[in-house]
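> No letters, just coordinates:
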């Protein structure tokens with residue numbers, strides 16, 4: 001039987017190498033895989049490119065990776081958030097590179113990576129510095145920027161429930177960047193609250209099919225019989 005459960009977050013991230021491109025789900029404080037991020041920090045892989053909605057706050061999550069000097073580049077929409085310190089510090093030191101992407105563009109670049117689409121045209125950013133170095137077109141008198149898909153080597157996502165095959169159900173706002181990131185990475189690792197036995201999940205509520213998930217780490221071990 002397929003069983004994608006891992007014993008620990010440390011085990012789940014142990015093969016992430018230096019220089020990896022890592023997507024990290026979450027929006028605001030919802031749906032952030034904090035335990036996986038902490039395991040990645042302890043693992044110590046460096047020179048990382050982090051793709052996320054923001055660059056973390058205070059000392060937790062992505063901010064802890066920046067604090068420990070493990071990040072070479074951030075691709076995000078909101079590098080500065082209330083309570084953030086470490087992105088600003090590392091950026092001022094010029095030890096981290098920033099690729100600023102409007103939020104809707106970030107979402108779509110990730111989505112099309114998972115869908116196998118080669119690019120899309122958007123009016124967002126046309127005529128601004130965000131369009132520098134990118135192909136642009138004028139269609140019916142309106143300017144557009146060609147944006148390319150965003151792929152990753154690994155995606156760290158957070159869900160409420162899973163089964164041993166990796167089918168995922170999210171809790172309300174936890175369904176943010178997580179589903180599309182799960183599709184856009186070579187290896188997807190899911191941190192979940194509960195693992196249910198096969199057949200216990202309501203198939204109508206499954207958002208991410210297990211075909212997109214490689215590893216599952218649960219906080220609880222309830223109803224895990226096959």
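Looks like it arrived, so ask away. Because the structure is a prediction, the values reported are computed rather than measured.
> Show the subsequent helix or strand relative to the one helix or strand in the chain whose mean pLDDT sits lowest.
In the chain, no helix or strand scores lower on mean pLDDT, DSSP states H and E than helix 86-92, which sits at a mean of 94. On the C-terminal side of helix 86-92, the nearest following helix or strand under DSSP states H and E is strand 97-100.
> same question for the helix or strand just after that next one, mean pLDDT?
Remark: after strand 97-100, the chain's next helix or strand is helix 103-115, criterion DSSP H and E. Mean pLDDT, computed over helix 103-115, is 97.
> Run through who's touching helix 103-115.
23, 51, 53, 75-78, 101, 118-120, 122, 124-125, 147-152, 177, 180-184, 212 (CB atoms under 8 Å, 6 or more residues apart in numbering). No exception for glycine: its C-beta is placed from N, CA and C like everyone else's.
> how about the helices in this structure?
9-13, 34-43, 62-67, 86-92, 103-115, 178-184 (DSSP state H).
> which other helices and strands contact the second one?
Here helix 34-43 is seen to pack against helix 9-13, helix 62-67, strand 152-162, strand 185-195 when contacts are counted using 3 or more CB pairs under 8 Å, 6 or more residues apart in numbering; DSSP states H and E.
> Centre of the chain to it, how far?
Relative to its chain's centre, helix 34-43 lies at 14 Å (CA atoms, centre = their mean, to the nearest Å).
> How about stretch 43-58, which residues are buried there?
Neighbour counts over stretch 43-58 (16 or more other CB atoms under 10 Å) mark 43, 45, 48-57 as buried.
> So the residue nearest to residue 87 when sequence neighbours are not counted versus residue 165, what's the distance?
Using CB to CB, 6 or more residues apart in numbering and skipping residues adjacent in sequence, the residue nearest residue 87 is residue 55, 3.9 Å away. Distance of residue 55 to residue 165, computed by CB to CB, to the nearest Å: 33 Å.
> same question, residue 98
For residue 98 relative to residue 165 (CB to CB), the value is 37 Å.
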